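In: sharing a model prediction with you, sequence too.
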Amino acid sequence: MVFQFEPIGVIHSCFREKFGIPRQSGLVPAAKARLELFSSRIPPESLSGIESFSHLWVVFIFHKVLGLKKKPMVRPPRLGGNKRVGVFSTRSPFRPNPIGISVVEMEAVCIGPHETVIHIKGADLLDGTPVLDIKPYVGWSDIVEAPACGFASERPKPRLSVVFSKKALSQCMEREAFGAGNPKPLIEQVLELDPRPAYHHSRSAEASYRLKLIDFDLAWRVEGETAVVISLEPIKTASQDNPSTI
């Protein structure tokens, strides 16, 4: 039996590439996104009553892995990227059906004459992610008391402290002054979780990286256990799917 689904909407996210996206929702509260629902498929009355809920389940497609080889065994970052486990014991995108789910906090629902948008935060969603469904999060039903969580038994703790160069601080202030918002909390929350691949964590030498957030290219380096933000420059090239080193 074959099922065919069409997206009901698309995510407009601060995450422009996979590198830097938190590995679970809610880890970066400053990560905001817009869920644009397709008006041709979703009439406004479909959202009647949704404003009374604080959180939503978002069911989506890992669209950047479509056409790639599926993996029955994967290496979770939580295990250092060295140990293989079955894909169904992880949340890896390389699944037989590349479907993901995330719990996000809903900030507002905006229904206009030309578009319907749900504003969310705490998102772990790539810009352009197709959305298949949304469902209200119900605390008394969706929370399981004292579950066994295998190798992911604890919420990840910050690995890096984050400091900003004078140039980076100035650029953050300039963005805020021009009404673009201060990206400093988002940058801090993303980098303190150390988005680098697990095999980079043991590197003793100073290393520099770039990742794309919102509309800027973030340059940063790691010095010991500190992430140093170097600069925020306008994005000049198309987003790349893999982490890049300078």
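Out: Right, received. Where do you want to start? Numbering: from 1, shown residues only.

In: phi and psi next, for the most centrally placed residue in the chain.
Out: For the chain, the residue nearest the mean C-alpha position is residue 124 (2.2 Å; C-alpha atoms, centre = their mean). Residue 124 adopts backbone torsions of phi -120, psi 40, taken as degrees, to the nearest 10.

In: repeat that for the one 5 residues further on.
Out: Residue 129 has phi and psi values of phi -60, psi 130 when expressed as degrees, to the nearest 10.

In: what does residue 10 give?
Out: phi -140, psi 150.

In: that one contacts residue 129, doesn't it?
Out: Yes - with contact defined as C-beta atoms under 8 Å, residue 10 and residue 129 form a contacting pair (6.9 Å). Where you see a C-beta, it was placed from the backbone N, CA and C, and this is true even at glycine.

In: in this structure residue 220 contacts residue 191, no?
Out: Yes - in this structure, residue 220 is within contact of residue 191 by C-beta under 8 Å, at 6.3 Å.

In: sorry, back to before: how close does the residue nearest to the centre of the chain sit to residue 72?
Out: Distance from residue 124 to residue 72, counting by C-beta to C-beta, to the nearest Å: 24 Å.

In: likewise residue 95?
Out: Residue 95 is 10 Å from residue 72, by C-beta to C-beta.

In: burial check on residue 138, number of neighbours?
Out: 11 (other C-beta atoms under 10 Å).

In: repeat for the one 4 residues further on
Out: Neighbours of residue 142 under the rule other C-beta under 10 Å: 12.

In: mind pulling up the pLDDT for it?
Out: On pLDDT, residue 142 comes in at 90.

In: return the residues in contact with it.
Out: 57, 103 (C-beta atoms under 8 Å, 6 or more residues apart in numbering).

In: relative to residue 102, how far out is it?
Out: 13 Å.

In: between residue 95 and residue 72, tell me which one has more neighbours.
Out: Using other C-beta under 10 Å as the criterion, residue 95 and residue 72 rank with residue 95 on top: 18 against 11.

In: do you know how far residue 54 is from residue 104?
Out: Taking C-beta to C-beta, one finds residue 54 at 10 Å from residue 104.

In: those two: who's more crowded?
Out: A direct count of neighbours by other C-beta under 10 Å for residue 54 and residue 104 places residue 104 higher, at 26 against 11.
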